[in-house]
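Visitor: I would like to see how this sequence folds:
(one chain, ligands or ions: 1)
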Amino acid sequence: MQNWLVMAPMAGITNLPFRLMVKKLGAGLVFSEMISSVGLSRKHQKTLAYLKSAPAEKPFSAQIFGSNPGTMAQAAQIAIDAGADMVDLNMGCPVKKVVKTGSGAALMRTPKLAAEIIRAVRQVCASPLTVKIRAGWSANEANASEFAQMIQDCGADALTLHGRFAGQGFTGKADWDLIADLKSKLKIPLIGNGDITQPAMALALKKRSNCDGIMIGRGAIGNPWLFDQILALEQGLSLTPISLSKRKAFILEHFHLLWDFMGEYKASLNMRGLLLWYTKGLPHSNQFRESISRIKNLDSLLKIMEDYFSEIDQHTRISDSV
Ligand SMILES: Cc1cc2nc3c(=O)[nH]c(=O)nc-3n(C[C@H](O)[C@H](O)[C@H](O)COP(=O)(O)O)c2cc1C
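Guide: Modelled structure (predicted):
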């Protein structure tokens, strides 16, 4: 880990191009999106493709999910052989498709099985092994503390806590006090996660919890500069708004990486979604948002962006001199 800032694993988001972009802006550690251990063990090409990595993003952690200890160990081995520097076990995902197989957050309800999985993976994984959990399944099953102790006892090197119950999804507020409480009880490093959207919030969570790392998810989509700004704020530097020209150049760079990774058309579809995030909060975006669906190649992306950015340039006083 190059610094204490961690980009969260996010399905459908944290592909290689996205990871390279946030890495450039200061993320100290990046994760793949969650990868099916079953798909890896069966050598499905589509699943194996999630392991594609590049030197510039290292260290890179592959996150796997599943509920069978042998399959999880096999998948971890495949991830390491493919070049992952670390393996992370997903024990916090609340999505139905995942928990109905006994994987993700469902494992917080079956701690014995979770322990078997961690031990099985530990046996084959000499690289750093981490686990990502939630506060528990629900308020009635709030077992993060015992579960984390078990993770530590099974030989994991670190863990991440997203301070919400699985049943909460993304509602309510992440419980930062729980993160602080867990940090005070653990010997292994703890990464705290939940609701960081502003630079000062990252410093506040770090201070309050004494966590070894802070993980950022949604706050970095469309705002990868968050990492850079947190590091600047930590050094006492003043923060400047992201200029339109910087934003534009960054979007295009991201598009080109996506193109290399998945081809021009798929990159265009992917960029449609990302643009909604990249322009969140910018003025006059209604018409732009409608035109996004017309993006199908680089030319249409350039045209639509040019039109929009020159419109806001004319109508607002966002400084472009940074
Ligand atoms: C679209 C989306 C996809 C996610 N996919 C994963 C995943 O693949 N693995 C995982 O452990 N967590 C996943 N998460 C949860 C995030 O890693 C993170 O724990 C959560 O978003 C809370 O952090 P935040 O408040 O900074 O967003 C996902 C979250 C979102 C919004």
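Visitor: For whichever residue of the chain sits closest to the ligand, which non-adjacent residue is spatially closest?
Guide: For the chain, the residue positioned closest to the ligand under C-beta to the nearest ligand atom is G217, at a distance of 2.7 Å. For every residue, glycine as well, the C-beta is placed using N, CA and C. Leaving aside its sequence neighbours, G217 sits nearest to A8 (C-beta to C-beta, 6 or more residues apart in numbering; 3.5 Å).
Visitor: and that neighbour, how many residues sit next to it?
Guide: 25 (other C-beta atoms under 10 Å).
Visitor: can you give me the strands in the chain?
Guide: Ranges of strands in the chain, per DSSP state E, are 5-7, 30-31, 35-36, 60-65, 86-91, 129-136, 158-165, 190-193, 213-216.
Visitor: So what are the sheet partners of the second one and their directions?
Guide: Here the strand partners of strand 30-31, with direction, are listed using DSSP bridges: strand 60-65 (parallel).
Visitor: Which residues does the partner strand contact?
Guide: 9, 19, 29-37, 40, 50-51, 53, 72, 75-76, 79, 82-90, 93, 98, 103-104, 128, 130, 132 (C-beta atoms under 8 Å, 6 or more residues apart in numbering).
Visitor: how about the strands of the chain in CSV, adding mean pLDDT?
Guide: Below are the strands of the chain laid out as CSV (pLDDT from 0 to 100):
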stretch, mean pLDDT
strand 5-7, 98
strand 30-31, 98
strand 35-36, 98
strand 60-65, 98
strand 86-91, 98
strand 129-136, 98
strand 158-165, 98
strand 190-193, 98
strand 213-216, 98
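Visitor: Reformat these as JSON lines; add mean neighbour count.
Guide: Formatted as JSON lines, the strands of the chain follow (neighbours: other C-beta atoms under 10 Å):
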{"stretch": "strand 5-7", "mean neighbour count": "27"}
{"stretch": "strand 30-31", "mean neighbour count": "24"}
{"stretch": "strand 35-36", "mean neighbour count": "23"}
{"stretch": "strand 60-65", "mean neighbour count": "27"}
{"stretch": "strand 86-91", "mean neighbour count": "26"}
{"stretch": "strand 129-136", "mean neighbour count": "26"}
{"stretch": "strand 158-165", "mean neighbour count": "25"}
{"stretch": "strand 190-193", "mean neighbour count": "26"}
{"stretch": "strand 213-216", "mean neighbour count": "24"}
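Visitor: Dump the ones you listed into JSON lines; add distance to L282 as well.
Guide: Formatted as JSON lines, the strands of the chain follow (distance: least, C-beta to C-beta, whole Å):
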{"stretch": "strand 5-7", "distance to L282": "23"}
{"stretch": "strand 30-31", "distance to L282": "26"}
{"stretch": "strand 35-36", "distance to L282": "34"}
{"stretch": "strand 60-65", "distance to L282": "31"}
{"stretch": "strand 86-91", "distance to L282": "34"}
{"stretch": "strand 129-136", "distance to L282": "32"}
{"stretch": "strand 158-165", "distance to L282": "29"}
{"stretch": "strand 190-193", "distance to L282": "27"}
{"stretch": "strand 213-216", "distance to L282": "21"}
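Visitor: burial count for K206?
Guide: K206: 19 neighbours (other C-beta under 10 Å).
Visitor: wait, doesn't it sit right on D212?
Guide: No. Counting by C-beta atoms under 8 Å, K206 stays clear of D212, with 9.0 Å between them.
Visitor: any common contacting residues for these two?
Guide: W4.
Visitor: looking at this structure, which helix or strand is least sure?
Guide: helix 285-291 (a mean of 83; mean pLDDT, DSSP states H and E).
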